[in-house]
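[1] requesting a structural model of the entry that follows:
(chains A and B)
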There are 2 protein chains.
Amino acid sequence: MVTVQEAKELIYKERLEIGTKRVKLSNALGRILAEDWFADLDFPSYDTVRMDGIAINFNSFKKGNRIFKIEKVNGAGMPQATLKNEENCIEIMTGAVRPNGADTNIRYEDLKIENGTATVLIDDVKKNQNIHFKGTNRKKGDLIVPKGRLITAAEIGVAATIGKSFILVKTFPKIAVVSSGDELVKVSKKPKPHQKRRSNSHACVAQLAAMGISADSFHFEDNEASIKKQLTQILETYQIIILSGGVSMGKFDLIPKALESLGVEKSFYKVKQRPGKPFWFGKHPTEGVKVFAFPGNPVSTFVGMEAYLLPWLSDNLGKPKAKLPYVSLASDVTFKPDLLHYLQVAIEYTQDGKTLAHPRRGKGSGDHANLADVDGFIILPRGKEVFEKGEVFEFIRFRG
Amino acid sequence: MVTVQEAKELIYKERLEIGTKRVKLSNALGRILAEDWFADLDFPSYDTVRMDGIAINFNSFKKGNRIFKIEKVNGAGMPQATLKNEENCIEIMTGAVRPNGADTNIRYEDLKIENGTATVLIDDVKKNQNIHFKGTNRKKGDLIVPKGRLITAAEIGVAATIGKSFILVKTFPKIAVVSSGDELVKVSKKPKPHQKRRSNSHACVAQLAAMGISADSFHFEDNEASIKKQLTQILETYQIIILSGGVSMGKFDLIPKALESLGVEKSFYKVKQRPGKPFWFGKHPTEGVKVFAFPGNPVSTFVGMEAYLLPWLSDNLGKPKAKLPYVSLASDVTFKPDLLHYLQVAIEYTQDGKTLAHPRRGKGSGDHANLADVDGFIILPRGKEVFEKGEVFEFIRFRG
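    Numbering: from 1, shown residues only, chains lettered A, B, ... in the order given. Next comes the predicted model:
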């Protein structure tokens, strides 16, 4: 039996070989960036007029000129205009290039335009106003986004700005999700009185899909020979095996034996936590396959994915470690076992800026439906039995 | 010019016709549930043994019996066994049905098993211990998940448990995302000195994709006839049009005129906010198309999507309104214009359970790259110029 901290260290010691591939910009959302992005130009790439109105030379205004003859009209997308006479102006649109010889932009709202002439109606005009000068956002060559970033819509926009029509992203490992146990029937079947439906494997696959990762599903019957045969094939093909159930002390829990007979080495079995204590973790030393075998109760497997597998996977994909948020207990909790407790909670935001965690204990780790009523797990550490309202703990969020 | 509140009311008055469709469980992640889910059975559906060990009749233990002859071994997935003699036991595995005549489960750790006999090594055994009785999680017919829920991995697992291999979900509206302006070139092109790349439309499409919604992209040149032609087709095909740029006062801002000539009625133009003041919203009274025309600066369009379009869309899809979290300003901010201010911030979680918002103002609404450095927007209300460190405001998160 190891502590949660020891389990994490043993897991994080194991590394995946992660490749890269180039994807189209439109397919990059949700992927992990595998290259640094630099500004390919100054941004903005030209002195940009901010307001529809006129562009003038400030000297002329300063000398008292308020009436400017319009030399021409220039819009965004047109080549740079040139102000021939410093006393005149160019009528100009948002997004257009600052004309040669002009340095100041006055908006329509502060003008009267009549007979080819713009009259400035205000005295408060500042030199360079409403001009967004080249390179003031970013200089050519500046680092814009570092590798390891999860690509959100913001990064998609930035990628377009710097001309990235193809993006180098991390590839995802091949993952097999395995349910086991003769009591489990397909979702579409009506269970007999001693059966229930497979659900953990569906949840696991969805937890991975929420990270953009597709996984393949398998089911093992409680039969030693067939488990061994299926496992052999899976070990050859996949980098990660996620098992749910079949790893406790029962007579029909054949998986640990089968894994060991196929050369998978146990790294640890059992973690000082609830739910999910009988968590088995191991690896195949030559194939490099990592095996996460979670206990079969739905909440145990779910929390095992959220607390161990998904963050470890993100780490292997090069994502900077995310600090967990801290939330306040909304009511007292007593928990006596000497185990770290992942307590299911629903979240409430208060107007004073706190995040309250309302315990929703449910009926234990077998109570799958309870997960539909909560937002995540608050992490109550070992070495303490009474956790008081208002105390602050780390929080693993899976919803929202 | 309307206030943010007025703009929201005018937008929320407009409703979309949203249909439903049935998708496979494996395709339901991220969709909005269009049906209530009820327990189709009691959960658990049978009295379930929690621990590998033995099942006994507690009366026998109470009378002093500590040595139980093993009548048979029963595993999960096997039909219910029957304890023939109250003084004996059934050796039983986690997940198996409680045997007829047994009511209490003792785990291996508290037993010695030898020669077909189990000896109980402890005196602290409680009646019914380690039996998870039928229906204690949920009763058949209980509401498990209400319609309108965003389907996460937790709901996928729950759906599997209750036998939902097909899920009734909301369909998404057809959405056209339109960029405009002759200064904009394709992402793959190197812009000339008076050009820049299209980026807003890519970001908008990605913002929708993050909600699981696919949208089609269009680009309008600054040409009245071709704008009108393209708009005519788009109005016939789509329920929502998102425009970015082309709606300010400029001479080449042809879109509002084109929209009005095609029967789209303006609901409002300009909102008391920064960024994104020149936001135009309207609808086609007979076609039912809603038009969101955001100003062309990247941050303006991005915040317009996050603050208006996406929440309105969620609302139309039947999702319960999400309360925004409150976060604390990490430093003083002065903002003088009489406008609601969506200020870009990076988030930090502190150990006392607060969420700090670090202002990252960037270089204005044209500074697309700045979005890559922030997590969202803190909402600083109108009617105030100085916002002090520690003050708490609502927060729109787009990252994480």
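[2] sketch out the low-pLDDT regions of the stretch 251-400 of chain A for me.
    Nowhere does the stretch 251-400 of chain A drop to pLDDT under 70.
[3] quick one, helices of the stretch 301-400 of chain A?
    Using DSSP state H, counting those that start in this stretch, the helices of the stretch 301-400 of chain A run over A:310-316.
[4] flag every residue of it that's near chain B.
    A:302, A:322-328, A:349-355, A:362-364, A:366-372, A:374, A:392, A:398-400 (C-beta under 8 Å from any C-beta of the partner chain). In short, each C-beta sits where N, CA and C put it, glycine included.
[5] which ChimeraX command selects the buried ones in those residues?
    Selection of buried members from those for ChimeraX, criterion 16 or more other C-beta atoms under 10 Å in any protein chain shown:
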select /A:302,325,326,327,328,349,353,354,355,362,363,364,366,367,368,369,370,371,372,374,392,398,399
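[6] among the residues of the stretch 301-400 of chain A next to chain B, which lie within strands?
    Members of these lying in strands (criterion: DSSP state E): A:326-328, A:349, A:355, A:392.
[7] what residues are up against A:T161?
    A:T161 makes contact with A:43, B:196-197, B:199, B:298, B:368-369, according to C-beta atoms under 8 Å, 6 or more residues apart in numbering or on different chains.
[8] which among the residues you listed end up buried?
    For these, buried by 16+ other C-beta under 10 Å: A:43, B:196-197, B:199, B:298, B:368-369.
[9] what's the neighbour count on the residue of the stretch 201-350 of chain A found nearest chain B?
    Closest approach between the stretch 201-350 of chain A and chain B, counting by C-beta to the nearest C-beta: A:A203, at 3.1 Å. For A:A203, the count of nearby residues is 29 (other C-beta atoms under 10 Å in any protein chain shown).
[10] ramachandran angles for it?
    When read as degrees, to the nearest 10, the backbone of A:A203 gives phi -60, psi -40.
[11] please, where are all the strands along the stretch 51-200 of chain A?
    A:53-56, A:67-74, A:89-92, A:104-107, A:111-114, A:117-120, A:131-132, A:143-145, A:166-170, A:175-180, A:184-185, A:196-197 (DSSP state E, counting those that start in this stretch).
[12] can I get those strands in JSON lines including distance to B:N57 and mean pLDDT?
    Compiled in JSON lines, these are given as follows (distance: least, C-beta to C-beta, whole Å; pLDDT from 0 to 100):
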{"stretch": "strand A:53-56", "distance to B:N57": "91", "mean pLDDT": "98"}
{"stretch": "strand A:67-74", "distance to B:N57": "94", "mean pLDDT": "97"}
{"stretch": "strand A:89-92", "distance to B:N57": "92", "mean pLDDT": "97"}
{"stretch": "strand A:104-107", "distance to B:N57": "89", "mean pLDDT": "98"}
{"stretch": "strand A:111-114", "distance to B:N57": "95", "mean pLDDT": "96"}
{"stretch": "strand A:117-120", "distance to B:N57": "98", "mean pLDDT": "98"}
{"stretch": "strand A:131-132", "distance to B:N57": "83", "mean pLDDT": "96"}
{"stretch": "strand A:143-145", "distance to B:N57": "66", "mean pLDDT": "97"}
{"stretch": "strand A:166-170", "distance to B:N57": "57", "mean pLDDT": "98"}
{"stretch": "strand A:175-180", "distance to B:N57": "30", "mean pLDDT": "96"}
{"stretch": "strand A:184-185", "distance to B:N57": "28", "mean pLDDT": "94"}
{"stretch": "strand A:196-197", "distance to B:N57": "25", "mean pLDDT": "94"}
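[13] that older thread, wait, isn't the residue of the stretch 201-350 of chain A closest to chain B in contact with B:A153?
    Yes: with contacts counted by C-beta atoms under 8 Å, A:A203 reaches B:A153, the gap being 5.2 Å.
[14] list the residues that contact the residue nearest to the spatial centre of chain A.
    Nearest residue to the geometric centre of chain A (C-alpha atoms, centre = their mean): A:L150, 5.2 Å. By C-beta under 8 Å, 6+ apart, the contact set of A:L150 is A:30-33, A:319, B:399.
[15] make CSV from the residues you listed and add distance to B:G19 to it.
    Output for the contacts of A:L150, formatted as CSV (distance: C-beta to C-beta, whole Å):
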residue, distance to B:G19
A:G30, 26
A:R31, 31
A:I32, 35
A:L33, 36
A:K319, 37
B:R399, 31
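[16] domain ranges for chain A?
    Taking automatic domain parsing as the reference, chain A has its domains at A:4-19+A:172-316, A:21-38+A:144-170, A:48-132, A:326-397.
[17] next, the distance between the ends of the first one.
    Distances were taken as C-alpha to C-alpha, to the nearest Å; on that basis the terminal residues of domain A:4-19+A:172-316 are 19 Å apart.
[18] what's the answer for stretch A:269-281, then?
    End to end - C-alpha to C-alpha - stretch A:269-281 spans 6 Å.
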